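K.L.:
sequence and predicted structure are below.
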2 protein chains.
Amino acid sequence: MAAKTNPIPSVWARRQREPESPALSREAIVREAIAMLDADGVEALSMRKLGARLNAGATSLYRHVATKDELIELALDEAFGEIPVPDPRAADWRADVTATCEAFRATTLRHRWLGSVIGQAGLVYLGPNLVTVSERMAALFAAAGFPEPSRAIDTVLSYVLGMSTTEAAFLTTVIRSGQTEAEFVADLMPSAQEAVAGHEFLSDAFADAAANAVVNPAALRDEKFAYGLNVILDGLALRLPRREEPAA
Amino acid sequence: MAAKTNPIPSVWARRQREPESPALSREAIVREAIAMLDADGVEALSMRKLGARLNAGATSLYRHVATKDELIELALDEAFGEIPVPDPRAADWRADVTATCEAFRATTLRHRWLGSVIGQAGLVYLGPNLVTVSERMAALFAAAGFPEPSRAIDTVLSYVLGMSTTEAAFLTTVIRSGQTEAEFVADLMPSAQEAVAGHEFLSDAFADAAANAVVNPAALRDEKFAYGLNVILDGLALRLPRREEPAA
DNA sequence: CGTCGATGCGCACACTGTACGCAGTGCGGA
DNA sequence: TCCGCACTGCGTACAGTGTGCGCATCGACG
């Protein structure tokens, strides 16, 4: 570290391989990028800062990654790799799907930058981990007897994505405020009430929500997510061919 | 135009009000920003270019708008203003909700940058137009007899948001490729099939989807959206208190 | 005519992604 | 043992970004 900025090239300052620094590699770069994204969001990730964290120059990264966008795409798929999807062995397809959706949500809330990135890239990018998650969810629905598993997947994932994205953006705002979620909601209430003044339904809803949110905001979000998911699973169940009368 | 870059300040070059340029105003700035966003997406909007389109310098905009983020927030809410929500007079709540959701989707596909922006800002920002849309949807569900309209709204909007965002991102990719949607899908197929090789459910689903998509991709997307929406509305209908047995 | 608030703008600063060409390293072959 | 080569890292540079600051200009009002 001391010799790093030495302006005089000298025999004695010859750089000798430090075994501490595990060299630059695609995996290390993606891993560190995710750490930065988790810490400060997508607009705080710069190639220079990322390079600095890896004891490297900014442009060195380009030996392992074609472009910043590609790096983000890699980080995105890496994050999807954290979502476990159970085998469809279990008897209860609803439980399996619910667990998967909750894992998806948890991942999105852990990596709060996922929402913004997906908003730009879409779910169209075909990374291996996303493909795996989709395939395993398809297996879940197929085993349950759905005739069109991919329709069911699209429906469920769209909901989970939309809800989780909104939640993640909200949580980011909360965290940036330096307050707890309950404090934040409490402080926001006056201006929120003013914004919905004259709108009777929203005023009521806000008053209710705020009262509960001050007590346990995370539980309220959990419940909201579960409500919508159950609505969708109920709707899907109606499309399941009845067991009693097998098709001709 | 000719005198604009004149380096010598001269009495004769005095700027005389050109009545063509409608002056700088918050509305004009937001309107032009939306035009730029629609044309080239969120990463192509820069204060300098926006200023140039308005025959103004970049920093002049800051007299009317505190920050670029605030400008985007204004553009976001302006776009939401394009979503009409019918009065709950009609007999069929499903038709009303469906129309609203389709309008939401249409707006998101017309302004394809909405998805990325919402991914960063969330639906937490309380702009007047978003508030109005929410209120009117709440009225729809309340008139239909739902005990918890805001729960229903959250569910439906999350789905619509997630699906539309994905669609918008996909369409952006297609348009940037300079091909029609059908051509794009056709060209993408080989690498897509390779990506899902070894995943039996996805391979089947892709083959089916691609066959239809080459014929009429937009119709396929419409149908996919409608399918999920109907699933959700079915699930919600189950939560509607039965008309025949009014509560005590 | 003089003053004032509002508006627009040029400049400057710190920072971004990344193209390019050089310097050092380790390895395969002669 | 030595040479050459592929690979990796880096310093420099360029064009572009958001935005703070202070000055010039304007229309309205006393």
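P.N.:
Okay, I see it.
K.L.:
do you know how far A:Ser191 is from B:Val65?
P.N.:
20 Å (Cβ to Cβ, to the nearest Å). Bear in mind the C-beta positions are built from the backbone N, C-alpha and C, glycine included.
K.L.:
now A:Thr100: phi and psi?
P.N.:
phi -60, psi -40 (degrees, to the nearest 10).
K.L.:
for it, what are its contacts?
P.N.:
When the contact criterion is Cβ atoms under 8 Å, 6 or more residues apart in numbering or on different chains, the partners of A:Thr100 are A:Ile83, A:Pro84, A:Val85, A:Pro86, A:Val133, A:Arg136, A:Met137, A:Leu140.
K.L.:
what is the rounded mean pLDDT of stretch A:193-201?
P.N.:
Stretch A:193-201 shows a mean pLDDT of 90.
K.L.:
pick the one among the contacts of A:Thr100 closest to A:Thr172.
P.N.:
A:Ile83 (20.3 Å; Cβ to Cβ).
K.L.:
so that closest one sits against A:Thr107, correct?
P.N.:
Yes - judged on Cβ atoms under 8 Å, A:Ile83 makes contact with A:Thr107 at a distance of 5.3 Å.
K.L.:
look at these two and report which has more neighbours.
P.N.:
A:Ile83 (21 against 18; other Cβ atoms under 10 Å in any protein chain shown).
K.L.:
against chain B, how distant is the more buried one?
P.N.:
A:Ile83 sits 16 Å away from chain B, taking Cβ to the nearest Cβ, to the nearest Å as the criterion.
K.L.:
got a list of what that residue touches?
P.N.:
A:Thr100, A:Ala103, A:Phe104, A:Thr107, A:Asn129, A:Val133.
K.L.:
one more time with 7 Å, if that's ok
P.N.:
A:Ala103, A:Phe104, A:Thr107, A:Val133 (Cβ atoms under 7 Å, 6 or more residues apart in numbering or on different chains).
K.L.:
element containing it?
P.N.:
Element membership for A:Ile83, per DSSP states H and E: none, as it lies in no helix or strand.
K.L.:
check A:Leu157 too.
P.N.:
Counting by DSSP H and E, A:Leu157 is found in helix A:149-177.
K.L.:
tell me if that helix is near chain B.
P.N.:
Yes - Helix A:149-177 is in contact with chain B by Cβ under 7 Å from any Cβ of the partner chain, via A:149-151, A:154-155, A:158-159, A:161-163, A:165-166, A:169-170, A:173.
K.L.:
would you turn the contacts of A:Ile83 into CSV with distance to A:Glu200, pLDDT and secondary structure?
P.N.:
Formatted as CSV, those follow (distance: Cβ to Cβ, whole Å; pLDDT from 0 to 100; DSSP: H, G, I helix; E, B strand; the rest coil):
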residue, distance to A:Glu200, pLDDT, secondary structure
A:Ala103, 38, 97, helix
A:Phe104, 35, 97, helix
A:Thr107, 38, 98, helix
A:Val133, 42, 94, helix
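K.L.:
ok, so of these, who is nearest DNA strand C?
P.N.:
A:Thr107 (23.6 Å; Cβ to the nearest atom of the strand).
K.L.:
which residues does the closest one contact?
P.N.:
Per Cβ under 7 Å, 6+ apart, neighbours of A:Thr107: A:Ala79, A:Glu82, A:Ile83.
K.L.:
could you count how many residues lie near the second one?
P.N.:
This points to A:Glu82. Other residues near A:Glu82 come to 15 when the count uses other Cβ under 10 Å.
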